[in-house]
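Enquirer: how would this look folded up:
(one chain, ligands or ions: 2)
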Amino acid sequence: MAPIADQSYTYDLLIIGGGSGGLAAAKEAVGLNAKVAVLDYVTPSPLGTTWGLGGTCVNVGCIPKKLMHQAALLGEAIHEAATFGWQLPDPKTVKINWELLKTAVQNHVKSVNWVIRVELRTKKVEYFNALGHFKDAHTVIGVTKKGEEKILTAKNILIAVGGRPRYPDIPGALEYGISSDDIFSLERAPGKTLVIGAGYIGLECAGFLNGLGYDATIMVRSIVLRGFDQQMANLVAEEMEQRGVHFIYQAKPKKITKQEDGRLLVDWVDKDGEIHQDVYDTVLFAIGRRALTEELKPENAGLKLVSETGKIEATNEQTNVPNIYAVGDVLHKRPQLTPVAVHAGKLLARRLFGNSTERMDYTNVATTVFSPLEYGCVGLSEETAIMVHGEEQIEIYHAYYKPTEFFVPQKDVDRCYVKVVALRHDDQRVLGMHFVGPNAGEVIQGFAAAIK
Ligand SMILES: Cc1cc2nc3c(=O)[nH]c(=O)nc-3n(C[C@H](O)[C@H](O)[C@H](O)COP(=O)(O)OP(=O)(O)OC[C@H]3O[C@@H](n4cnc5c(N)ncnc54)[C@H](O)[C@@H]3O)c2cc1C
Ligand SMILES: NC(=O)c1ccc[n+]([C@@H]2O[C@H](COP(=O)([O-])OP(=O)(O)OC[C@H]3O[C@@H](n4cnc5c(N)ncnc54)[C@H](O)[C@@H]3O)[C@@H](O)[C@H]2O)c1
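Expert: Residues are numbered from 1 along each chain as shown. Ligands and ions are numbered 1, 2, ... in the order given. Presented below is the predicted three-dimensional model:
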């Protein structure tokens, strides 16, 4: 029987954030007979873009990104098809229609929003479209779009608010720049685009824009794909460059101004302090994401944040306040990936309501960068393996491979590459596996299971 005190709370579990982690936890918890509510609210981007229920992955992340990546791959395949005998019009006349692509992508996203709404209703998860903040450790105030307040109490509270793109503090950034929150629903074709930042999002966005036929440039502050195996990261960058993406290395944006013709004049500074300029139709910032924790008024609940990142440090997803938990992108030093948020949310619900003791394992999580030629990896990079185990303990295996389908269209096989990082002695355990090539996302999953 539940303790008497518990009955004074309306919910067993109140979740702030209806994205990958929050929804997974909600569905699992109601299945275990918990009374669950979810608050989800999207604050418009500086450009004014907003979206429906489901969080980053569904609306402005994995799903629209994968669809635009696929559109770019199809464009490439059309051109290859002629070499396999397809009778096509002059390849130069084959063009993307941004409006049609954007509408198809957004229609799919909206259908997913709808399925999620129906699922929550069917499973009897109470959903509030309201922006939540703490009143105390068991009470959350949800503010609706109309400014109405809902006061909700719960025995357990789960923070799953994710993050939003950061903007640099330079003139014109907020007024004229966009981010991944805007690109997938942009009303006009992006045109000549400057992507600032060379992490996952920067490479993926520049990759699909180039594949769709737009002039794309990536401005790299220091290195490409920090934290990833640098040999593989450089292969990805070289391949992108060969396909037409431009790179500006060791540069930082200084200022964006709007010209009379509506185009954007960007000033940037190189490593020697010299100022350069160019004109773009779109400037997209992909310089990392900020966790949405300050807005939660964490001090009202006694919740501590990590000062450098504003994120939450949690042990087994439990924060410093025992009845408050966190999953997903808000967690300090955890991978910011949908399957990680989903699995952590499910396991937490099972521990809270299903007598389970199974904990989330954040090690050896596979991930893929959907650059045109994909890069999938799991485990340690060469650099990290050397740092952890010492150079003399590490053996690196390298191999090129040649996908048969590359030969007829005479595609370059120079960067289809596999690298295995292993211990040199004893059982020669594999510590990391890296794969650049077609369908890397699918390929790496099998290897990840083996490494686990
Ligand atoms: C462009 C892009 C591409 C990506 N591609 C991939 C990919 O291919 N594979 C992959 O695994 N991951 C990918 N990711 C990362 C993935 O989207 C995130 O790791 C995942 O969505 C995190 O889930 P979450 O539950 O932590 O938060 P989110 O999914 O961000 O959900 C949080 C929700 O909470 C809401 N919210 C925030 N504050 C409040 C509040 N105070 N009150 C109420 N609601 C609030 C937010 O609006 C949002 O709806 C991508 C991300 C981006 C941006
Ligand atoms: N395929 C996937 O699974 C996928 C795809 C996209 C995003 N994600 C997740 O989303 C997270 C965020 O991605 P992201 O690309 O925004 O962040 P990121 O941290 O991966 O990359 C940001 C990049 O911007 C650079 N940068 C930072 N400040 C800058 C500045 N002022 N000027 C120029 N460059 C600057 C950084 O050096 C870094 O290279 C990732 O860590 C990832 O976990 C996953």
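
Enquirer: and the nearest residue to residue 167 once chain neighbours are set aside, what are its phi and psi?
Expert: Spatial nearest neighbour of residue 167, excluding adjacent residues (Cβ to Cβ, 6 or more residues apart in numbering): residue 173 at 4.8 Å. Every residue, glycine included, has its C-beta placed from N, CA and C. Torsion angles at residue 173 (phi, psi; degrees, to the nearest 10) stand at phi -60, psi -50.

Enquirer: Surely residue 173 is in contact with residue 165?
Expert: No - Residue 173 is beyond contact range of residue 165, at 10.9 Å (criterion: Cβ atoms under 8 Å).

Enquirer: shared neighbours of those two, anything?
Expert: Residues touching both residue 173 and residue 165 by Cβ atoms under 8 Å, 6 or more residues apart in numbering: residue 285.

Enquirer: more crowded one of those two?
Expert: Shown here are residue 173 and residue 165; by other Cβ atoms under 10 Å, residue 165 has more neighbours (23 against 19).

Enquirer: Quick one: distance of stretch 361-378 to the chain centre.
Expert: 12 Å (Cα atoms, centre = their mean, to the nearest Å).

Enquirer: sorry, that was for stretch 147-162
Expert: 24 Å.

Enquirer: what about that stretch and ligand 2, any contact?
Expert: No - on the criterion Cβ under 6 Å from any ligand atom, stretch 147-162 is out of touch with ligand 2, staying 9.7 Å away.

Enquirer: quick one, strands of the stretch 51-200 of the chain?
Expert: Under the criterion DSSP state E, counting those that start in this stretch, the stretch 51-200 of the chain contains strands at 126-128, 130-136, 139-144, 149-159, 163-165, 178-179, 193-196.

Enquirer: Return the list of helices and strands in contact with the fourth one.
Expert: In terms of contact count using 3 or more Cβ pairs under 8 Å, 6 or more residues apart in numbering; DSSP states H and E, strand 149-159 is assigned the packing partners strand 11-16, helix 20-31, strand 36-39, strand 130-136, strand 139-144, strand 324-326, helix 338-353.

Enquirer: Mind putting the ones you listed into JSON lines with distance to ligand 2, mean neighbour count and mean pLDDT?
Expert: Below are these laid out as JSON lines (distance: least, Cβ to the nearest ligand atom, whole Å; neighbours: other Cβ atoms under 10 Å; pLDDT from 0 to 100):
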{"stretch": "strand 11-16", "distance to ligand 2": "20", "mean neighbour count": "26", "mean pLDDT": "98"}
{"stretch": "helix 20-31", "distance to ligand 2": "11", "mean neighbour count": "26", "mean pLDDT": "98"}
{"stretch": "strand 36-39", "distance to ligand 2": "22", "mean neighbour count": "26", "mean pLDDT": "98"}
{"stretch": "strand 130-136", "distance to ligand 2": "22", "mean neighbour count": "19", "mean pLDDT": "98"}
{"stretch": "strand 139-144", "distance to ligand 2": "26", "mean neighbour count": "19", "mean pLDDT": "98"}
{"stretch": "strand 324-326", "distance to ligand 2": "16", "mean neighbour count": "27", "mean pLDDT": "98"}
{"stretch": "helix 338-353", "distance to ligand 2": "8", "mean neighbour count": "23", "mean pLDDT": "98"}
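
Enquirer: Put together CSV for the ones you listed, with distance to ligand 1 on each row.
Expert: Shown next, in CSV, are those (distance: least, Cβ to the nearest ligand atom, whole Å):
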stretch, distance to ligand 1
strand 11-16, 5
helix 20-31, 3
strand 36-39, 4
strand 130-136, 4
strand 139-144, 7
strand 324-326, 9
helix 338-353, 4
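
Enquirer: In TSV, list those along with distance to residue 48.
Expert: As requested, the helices and strands packed on strand 149-159 are arranged in TSV below (distance: least, Cβ to Cβ, whole Å):
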stretch	distance to residue 48
strand 11-16	24
helix 20-31	24
strand 36-39	22
strand 130-136	17
strand 139-144	19
strand 324-326	29
helix 338-353	25
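
Enquirer: All set now, cheers.
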